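> curious how this folds, go ahead:
(one chain, ligands or ions: 2)
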Amino acid sequence: MSRARRALVTGIRGQDGAYLAQTLLDEGYEVFGADRRNGDSTHWRMRRLGIEDHVRVLYMDLTEFSNILRILEEVRPDEIYNLAAQSFVAASFDLPMVTTQVNANGVLHLLEAIRTALPEARFYQASSSEMFGRVRETPQNESTPFYPRSPYGVSKAYAHWITVNFREAHGLHASSGICFNHESPLRGIEFVTRKITRAVARIDAGEQQQIALGNLEARRDWGFAGDYTRGMWQMVQQPEGDDYVLATGVSHSVREFVEAAFEAVGERIEWDGEGVEERGRVADGTVRVTIDPTLRRPTEVDVLLGDATKARNQLGWKPTLSFESLVALMVEDDCKAVRGELPS
Ligand code: NAP
Ligand code: F7E
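Ligands and ions are numbered 1, 2, ... in the order given. Below is the predicted model of the structure:
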């Protein structure tokens, strides 16, 4: 009897790791999750999706080549999804070297190990719309030139091009998914969407008074993470490796996200003041949103809007959740968490 297809997912403890593991288990894969050893061994995201006991977790750090090689030789996966990264753009300004070692050199380690030990394996690289940075055209598609605006964006541009090069030079089945922002109740609390929905839930429950934010005018093309991990799997099933943009084609500002999140608990935000003096108030005049200039980035990506026509036509991929549904889902989940109704 032939064995089930085997997938190795790096970054298993992250948001996408959990949703991708769920997608792969649904498709009948044996799923191995690569976890770096960082002192916190909880798998709360996989537990939340009810899949914790179905994924075999191994220690693997992208910065250690021989460790990667040994794992590949041991597991012999048919498909390798590289989701591991220092993924917080703001932190990359303070940690440019760590960000580069993991997000750029780490991908090279992985590709070299695949080329050496498992050249038939299929590879997926988690590329990012951050590579478009100061955008050269709108909307952005697979041929839009890159102009990254952060060490994170630069590291991802390297990772994208080294993936393309290994495909072209060594014949690897390697795909790069240029994903625009995707969010969910499992999003890390440092990212702006989850920071907002968690704060709104806590404010609604009387556990927090205000939320401080940075640039309210930045615009992002926000989709639902579960849709994007399905797209990743679809890319890897194609006869050849290729590059695909995954995006909703709709862009909203951080300000609009704040308004939608408060609306989900029945509050309307009115704005007054300018710059750092700007405030967001609810109907009785109570200040709920303030501005913290230290949260602004040295160089910002002002607006992102993706064109996923290629993924739609070639993969049959399309997002399932609208912006409003996504915000409502996240707020609702955070309200449940505040009420202690979710496993931690
Ligand atoms: P995430 O929640 O931050 O997950 C990333 C995971 O990578 C974390 O679990 C982290 O481990 C792990 N990691 C960090 N350094 C590592 C290392 N040296 N070796 C092995 N693992 C390491 O990010 P995500 O939102 O799921 O995103 C998944 C991938 O897609 C990332 O590569 C991200 O850059 C990329 N991406 C994300 C988006 C998005 O909107 N979510 C859009 C485009 C691209 P710890 O848990 O131990 O910290
Ligand atoms: O910021 C602004 C901030 O940190 C979004 C990662 O998954 O998507 C993500 O990167 C915007 C920025 O995500 C706050 O300045 C305002 O303009 O949620 P974010 P990101 O930087 O877009 C890309 C595609 C990835 O690849 C990354 O891995 O929101 N903003 N006020 C704020 N951002 C944060 N975090 N916190 C604030 O208080």
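
> could you point out the longest helix of this structure?
In the chain, taking DSSP state H as the definition, the longest helix is helix 151-170.

> does it pack against any helices or strands, and if so which?
helix 89-92, helix 96-100, helix 106-117, strand 122-128, strand 173-179 (3 or more Cβ pairs under 8 Å, 6 or more residues apart in numbering; DSSP states H and E). For glycine as for every other residue, the C-beta is placed from the backbone atoms N, C-alpha and C.

> does that helix come close to ligand 1?
No: figure legend: helix 151-170 not in contact with ligand 1 (Cβ under 6 Å from any ligand atom); closest approach 6.6 Å.

> how long is stretch 75-86 end to end?
In terms of Cα to Cα, to the nearest Å, the two terminal residues of stretch 75-86 are separated by 24 Å.

> an error on my part: the question was meant for stretch 284-301.
Using Cα to Cα, the end-to-end distance of stretch 284-301 comes to 34 Å.

> would you mark the buried spots in that stretch?
For stretch 284-301, the neighbour count (16 or more other Cβ atoms under 10 Å) marks 288-291, 300-301 as buried.

> how far out from the middle of the chain is that stretch?
22 Å (Cα atoms, centre = their mean, to the nearest Å).

> is ligand 1 contacted by that stretch?
No: using Cβ under 6 Å from any ligand atom, we find that stretch 284-301 stays clear of ligand 1, coming within 11.9 Å at best.

> which residues touch that stretch?
With contacts defined as Cβ atoms under 8 Å, 6 or more residues apart in numbering, stretch 284-301 is touched by 89-90, 93, 130, 132-135, 149-150, 153, 203, 209-216, 218, 258, 262, 267, 269, 275-282.

> from the residues you listed, list the buried ones, please.
Buried subset of the contacts of stretch 284-301 (neighbour count, 16+ other Cβ under 10 Å): 89-90, 130, 132-133, 135, 149-150, 153, 203, 211, 213-216, 218, 258, 262, 267, 269, 279-282.

> in helices, which of the residues you listed fall?
Here DSSP H is the test, and these give 89-90, 153, 203, 258, 262 as lying in helices.

> which among those residues gets closest to ligand 1?
Minimum distance to ligand 1 across those is 8.9 Å, recorded for V89 (Cβ to the nearest ligand atom).

> which bits of the stretch 51-200 of the chain sit near ligand 2?
By Cβ under 6 Å from any ligand atom, the residues of the stretch 51-200 of the chain that approach ligand 2 are 87, 89-90, 128-130, 180-181, 190-193, 195.

> now pLDDT and distance to ligand 1 too, for the residues you listed, in TSV please.
Formatted as TSV, those follow (pLDDT from 0 to 100; distance: Cβ to the nearest ligand atom, whole Å):
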residue	pLDDT	distance to ligand 1
S87	98	4
V89	98	9
A90	98	12
S128	99	4
S129	98	6
E130	98	7
F180	99	7
N181	98	4
E190	98	9
F191	98	8
V192	98	11
T193	99	9
K195	98	14
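
> out of those, which end up buried?
87, 89-90, 128-130, 180-181, 191-193, 195.

> among the residues you listed, which one lies nearest to A113?
Nearest to A113 among these: S87, at 21.4 Å, using Cβ to Cβ.

> now the closest one: how far from G153?
12 Å (Cβ to Cβ, to the nearest Å).

> what's the answer for I203, then?
Per Cβ to Cβ, I203 is found 32 Å from G153.

> R230 - that's part of a helix, no?
Yes: counting by DSSP: H, G, I helix; E, B strand; the rest coil, R230 falls inside a helix.

> residues in contact with it?
With Cβ under 8 Å, 6+ apart, R230 has these contacts: 23, 317.

> coming back round to it: and the contacts of stretch 284-301, which of them are in strands?
When DSSP state E defines the strands, the subset of the contacts of stretch 284-301 inside them is 211-213, 279-281.

> got CSV for those, with pLDDT too?
Converted to CSV, those look like this (pLDDT from 0 to 100):
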residue, pLDDT
I211, 98
A212, 98
L213, 98
R279, 98
G280, 98
R281, 98
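
> closest one of these to ligand 2?
Closest approach between the ones in strands among the contacts of stretch 284-301 and ligand 2, by Cβ to the nearest ligand atom: L213, at 3.9 Å.

> returning to that earlier point: list the contacts of the longest helix of the chain.
Residues outside helix 151-170 that contact it (Cβ under 8 Å, 6+ apart): 85-89, 92-93, 95-96, 99-100, 102-104, 107-108, 111, 114-115, 119, 123, 125, 127-128, 130-131, 133, 146, 148, 172-176, 178, 241, 243, 301.

> at 7 Å instead, please
Here helix 151-170 makes contact (Cβ atoms under 7 Å, 6 or more residues apart in numbering) with 89, 92-93, 96, 99-100, 103-104, 107-108, 111, 115, 125, 127-128, 130-131, 133, 146, 148, 172, 174, 176, 241.

> ok, now stretch 183-194?
Applying Cβ under 7 Å, 6+ apart, the external contacts of stretch 183-194 come out as 15, 18-19, 45, 48, 88, 195, 198, 222, 224-226, 254, 257, 326, 329-330, 333.

> ok, of those residues, which come out buried?
Buried members of the contacts of stretch 183-194, counted by 16+ other Cβ under 10 Å: 15, 18-19, 45, 48, 195, 198, 222, 224-226, 254, 257, 326, 329-330, 333.

> inside strands: which ones of these?
Using DSSP E, the members of the buried ones among the contacts of stretch 183-194 that fall within strands are F224.
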